[in-house]
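**Q** can't give you the sequence, but here's the structure:
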């Protein structure tokens, strides 16, 4: 038995449910009636006769602007979330925006894109990009943070709703502490782990402190946090967009690729392509009436 959650970026109609049930039947399975989480927005379908991979193949990309999360039944509300920062919890890649203030955004952004796609070694690519920022006034960090850093839609609702229901939340970023610490506080994470830029005499030195937060650190953080809190791995959630997020996504009970690069999307248990991060609340069985909302 599986649970498939259909989440619409627009409206989820009765005809969409019928199309999903037909697709499951065509693949050799059976789908029950819709159990609506929010009418016209998100619904669960119980599926039998298919494994998880076959159910995903039948349903993903079937309906326009609808994301699908397929899971095994059981407790869905996760006790731990481990999340990437750049292009996941915030809308930008901070290093690219810093490079813009140095007048080299295009050069740096090309390397960032290749690294996130898994075409370059992450640590080597990070060192190369940070070196190019050597000499930039440290004051540009504050300016970048104020002018460019925007919280991803749905991020606060996701993290704060989970925490209100007893979960722990950890931000693990290959980006920089000068951004991650404030982002973590703003969203509501319990802890942030990220890289430290070298700064001397009011300017960036072009170096990053060791050890670097890379894919291995991200996975190790997931495992260590789960063990420390005595949370089974099946009850963990990891979300990210880049190749360096793949190990933690694979290790989590529910590993999600969020508007992600192809390598990450292929490795994940689920993809969110159309909705914002609040889709991961529907995936955990929360209806919108249960979400944290700003006053």
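**A** Ah, there it is. Bear in mind the structure is a predicted one, so any value in this text is a computation, not a measurement.

**Q** Just the buried positions in the host helix or strand of residue 45, please.
**A** According to DSSP states H and E, residue 45 maps onto strand 42-48. The neighbour-count criterion (16 or more other CB atoms under 10 Å) identifies 42, 43, 44, 45, 47 as the buried residues of strand 42-48. C-betas here are computed from N, CA, C, even on glycine.

**Q** Check stretch 173-191 too.
**A** Of all the residues in stretch 173-191, those buried under the rule 16+ other CB under 10 Å are 173-180, 183-184, 187-189.

**Q** Filter those down to the ones in strands?
**A** Applying DSSP state E to these, the entries found in strands are 173, 174, 175, 176.

**Q** could the buried residues of stretch 173-191 go into CSV alongside pLDDT and distance to residue 63?
**A** Formatted as CSV, the buried residues of stretch 173-191 follow (pLDDT from 0 to 100; distance: CB to CB, whole Å):
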residue, pLDDT, distance to residue 63
173, 98, 33
174, 97, 34
175, 97, 34
176, 98, 39
177, 98, 41
178, 98, 41
179, 98, 36
180, 98, 36
183, 98, 33
184, 98, 35
187, 98, 30
188, 98, 32
189, 98, 33
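
**Q** Just the closest of those residues to residue 277, please.
**A** Nearest to residue 277 among those is residue 187, at 9.9 Å by CB to CB.

**Q** I figured that closest one hits residue 151, correct?
**A** Yes. The criterion here is CB atoms under 8 Å, and residue 187 meets it with residue 151 at 6.3 Å.

**Q** Name the residues contacting each of those two.
**A** Both residue 187 and residue 151 are contacted by residue 89, under the criterion CB atoms under 8 Å, 6 or more residues apart in numbering.

**Q** Could you point out which residue ranges in the stretch 51-200 of the chain have low pLDDT?
**A** Regions of the stretch 51-200 of the chain meeting the criterion pLDDT under 70 are absent.

**Q** where exactly do the helices run in the chain?
**A** Ranges of helices within the chain are 14-26, 52-59, 94-101, 105-116, 122-132, 139-148, 155-164, 177-187, 215-228, 246-251, 262-267, 279-282, based on DSSP state H.

**Q** pLDDT of the shortest one, averaged?
**A** Per-residue pLDDT values over helix 279-282 give a mean of 98.
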